[in-house]
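Engineer: no sequence for this one, just the structure:
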């Protein structure tokens, strides 16, 4: 009797697993279809302006991925990801000017250097409470702005800083990979890099670090009691986020060919945090939405002639709305709202068409 | 290395800045202790108040005194409104979420300010006390600077006494310890919280006005001056008013005394970050973990 119970239970769990994998397979197909569309068809459908805007949108998806990981998976708030991005952009540009190394190697090196720098800065705060990390990273955002105004971004000059005052003439441009010199080709390149970063994050989330992060997010003392090394895993998350953000920074430099300090204001870190919250921090899809919000909405505002400040206002309202009513962000709200709309429309249609009859 | 006489002029400037950071810090810490909200929009609220005062004086030609009062009142009312709406909605959430929500307010205000007062126009507020100065050693000191330092001292001491002596102050301290138990004891929690929001907002308005005069009247600059205050509050571990005051004074002084040193003068505004990191390194020796429930809820 007991055996048959166990057998029924295991059969039902197998069925559940099969259902889950079917759902996973559908998700995978949709994602793969989406990525293939973005890679193959999208660049030819878009105007040059929108190709450039989409490239930045995809780049910022990587940044949002890192920040979303920190906020959603571990429950740490970093308000300095804009500064880490600027660090990555600086390191990337410096390496691209200084070396003739293949582009992917420069990307990985940039990621690693940014990772070390970012983690070093975050380390003192990681050992105290979450609010302190938020404050220290906000101060970091301010401090990096101060440094960048003085050092500027490398523009092919000599010395450690690699900056030469070139008030006349156009400064040499930050190079792109040789296989992706044109805007559409570079867009595709960025999409592939972003895909790899998302897979890297997924690999972490599905593995041991993901479980440790989930434990830390639920309760730090419980995680500690269960034998999770809280500081190490927090640092791990911070390092991973800095790594992907660094890579995004290097891509950003190549995308625009030249970088200026004023493109990384302190407020960018706050805006980044806002769109990541609005997108949704509990799924990777939220990072995709965040990238779109951050770049496509201001891009569209520019085209429509709407002042850019409205985007900032929108993000501010978005943060308040998300935190008070929808903590899972648009990534969760959109599908459920669409489903509700679908049910509503279906209900209206059913009422209008009586059972078995024609429309009145 | 510059001589002592090079440093002297920067002492009153540093002390004045420190005084304003101190009064902002006191406002922030008291609000945090009473409601659990670390108001990161503190600078933005002060900035908007100062910009409103600027418009009142320069466009509507309202007497300056009324404009200054309006600036301070705006701080109080705006903060109170936020507290009444979002403070309540988020009352049961983690301090991290409450702080993050104030960033939404900061962004909202930043957007509105940049829309209504475009950054391309240079604006300034000159308080009447700027025009009367006296010399102290080699330094020229104006009365606005004296007021800033004095206000910082008075607010720190006054708030400390207020929290200790008055009924509402005692209620605030009780709230800081445990909101639920305080409510059970019959303390009108909402009213006490409203008082904390309003009081802290008045300080935000006053700080905005003073900083607009002493430092700059630019929406971005004033919004992110909150970083200096945050550093002082962090060094005080969001708890002690005295430490907040001392830290704020040190930050103001160090930030300004670096000015004559050519090699690092461009990096002087990193002071709050460097001091906060140093303080954190010092704290983390104790390996203190936050045993509040982590994560976003």
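Structural biologist: Received the coordinates, thanks. Nothing here was measured: the structure is a model prediction, and the numbers come from that model.
Engineer: only C-alpha atoms for contact and neighbour calcs from this point on.
Structural biologist: Will do.
Engineer: List the contacts of residue B:255.
Structural biologist: B:14, B:268-269, B:271 (C-alpha atoms under 8 Å, 6 or more residues apart in numbering or on different chains).
Engineer: doesn't it fall inside a helix?
Structural biologist: Yes: assignment of residue B:255 by DSSP: H, G, I helix; E, B strand; the rest coil places it within a helix.
Engineer: wait, is residue B:122 part of a helix?
Structural biologist: No: per three-state DSSP, residue B:122 lies outside any helix segment and is coil.
Engineer: Now do the residue of the stretch 1-150 of chain A found nearest chain B against residue A:216, distance only.
Structural biologist: Using C-alpha to the nearest C-alpha, residue A:75 is the residue of the stretch 1-150 of chain A that sits closest to chain B, at 3.8 Å. With distances taken as C-alpha to C-alpha, to the nearest Å, residue A:75 is found 8 Å from residue A:216.
Engineer: These two: who's more crowded?
Structural biologist: Neighbours per residue, other C-alpha atoms under 10 Å in any protein chain shown: of residue A:75 and residue A:216, the larger number sits with residue A:216, 27 against 24.
Engineer: quick one: secondary structure of that one?
Structural biologist: Secondary structure, three-state DSSP: residue A:216 is helix.
Engineer: hang on, it packs against residue A:229?
Structural biologist: No: Residue A:216 lies out of contact with residue A:229 (C-alpha atoms under 8 Å); the separation is 9.4 Å.
Engineer: Next, show the common contact partners of the two.
Structural biologist: Counting by C-alpha under 8 Å, 6+ apart, the contacts common to residue A:216 and residue A:229 are residue A:223.
Engineer: Which pLDDT value belongs to the residue of the stretch 1-150 of chain A closest to chain B?
Structural biologist: We have a pLDDT of 86 for residue A:75.
Engineer: Excluding covalently adjacent residues, which one is nearest to residue B:175?
Structural biologist: Nearest residue to residue B:175 in three dimensions, chain neighbours excluded: residue B:34, at 5.4 Å (C-alpha to C-alpha, 6 or more residues apart in numbering or on different chains).
Engineer: Give me the pLDDT value at the one you found.
Structural biologist: 89.
Engineer: which secondary structure elements does the host helix or strand of it contact?
Structural biologist: Using DSSP states H and E, residue B:34 sits within helix B:10-35. Here helix B:10-35 touches strand B:139-142, helix B:143-165, helix B:167-177, helix B:189-214, helix B:226-235, helix B:241-257, going by 3 or more C-alpha pairs under 8 Å, 6 or more residues apart in numbering or on different chains; DSSP states H and E.
Engineer: if I read this right, residue A:222 contacts residue A:215, doesn't it?
Structural biologist: Yes: counting by C-alpha under 8 Å, residue A:222 touches residue A:215, with 7.4 Å between them.
Engineer: Relative to chain A, how far out is residue B:138?
Structural biologist: Residue B:138 sits 30 Å away from chain A, taking C-alpha to the nearest C-alpha, to the nearest Å as the criterion.
Engineer: count of neighbours near the residue nearest to that residue when sequence neighbours are not counted?
Structural biologist: Nearest non-adjacent residue to residue B:138, counting by C-alpha to C-alpha, 6+ apart: residue B:8, 6.2 Å away. Counted with other C-alpha under 10 Å, residues neighbouring residue B:8 total 17.
Engineer: Would you mind listing the residues in contact with residue 87?
Structural biologist: Because you didn't say which chain, this covers chain A. So residue A:87 contacts A:114, A:246, A:249 (C-alpha under 8 Å, 6+ apart).
Engineer: was after chain B, sorry
Structural biologist: Residue B:87 makes contact with B:35, B:37, B:98, according to C-alpha under 8 Å, 6+ apart.
Engineer: Neighbours of the residue nearest to residue B:175, how many?
Structural biologist: Residues lying near residue B:34 (other C-alpha under 10 Å) number 25.
Engineer: Wait, it touches residue B:194, no?
Structural biologist: No: the criterion here is C-alpha under 8 Å, and residue B:34 misses it with residue B:194 at 9.9 Å.
Engineer: Helix B:226-235 and the helix or strand containing residue A:137, what's the angle between them?
Structural biologist: Using DSSP H and E, residue A:137 maps to helix A:130-151. On the basis of axes from the mean of the first three to the mean of the last three C-alpha atoms, to 10 degrees, helix A:130-151 is oriented at 140 degrees to helix B:226-235.
Engineer: does chain B sit close to helix A:130-151?
Structural biologist: Yes: using C-alpha under 8 Å from any C-alpha of the partner chain, helix A:130-151 reaches chain B at A:130-132, A:135-136, A:138-140, A:142-143, A:146-147, A:150.
Engineer: who's in contact with residue 249?
Structural biologist: Using chain A. Residue A:249 sits next to A:85-90, A:92 when contact means C-alpha under 8 Å, 6+ apart.
Engineer: my bad, the chain I had in mind was chain B
Structural biologist: Contacts of residue B:249 (C-alpha under 8 Å, 6+ apart): B:14-15, B:17-19, B:21-22.
Engineer: Can you get me a residue count around residue A:315?
Structural biologist: Other residues lying near residue A:315 total 27 when counted by other C-alpha under 10 Å.
Engineer: And it, which helix or strand is it part of?
Structural biologist: Going by DSSP H and E, residue A:315 is part of helix A:309-325.
Engineer: by contact count, what packs against that helix?
Structural biologist: helix A:266-279, helix A:284-304, helix B:95-116.
Engineer: okay, those helices, which one's buried deepest?
Structural biologist: Neighbour counts (mean count of other C-alpha atoms under 10 Å in any protein chain shown) averaged over each of the helices and strands packed on helix A:309-325 peak at helix A:266-279, with a mean of 27.
Engineer: That one - what's its average pLDDT?
Structural biologist: When pLDDT is averaged along helix A:266-279, the result is 90.
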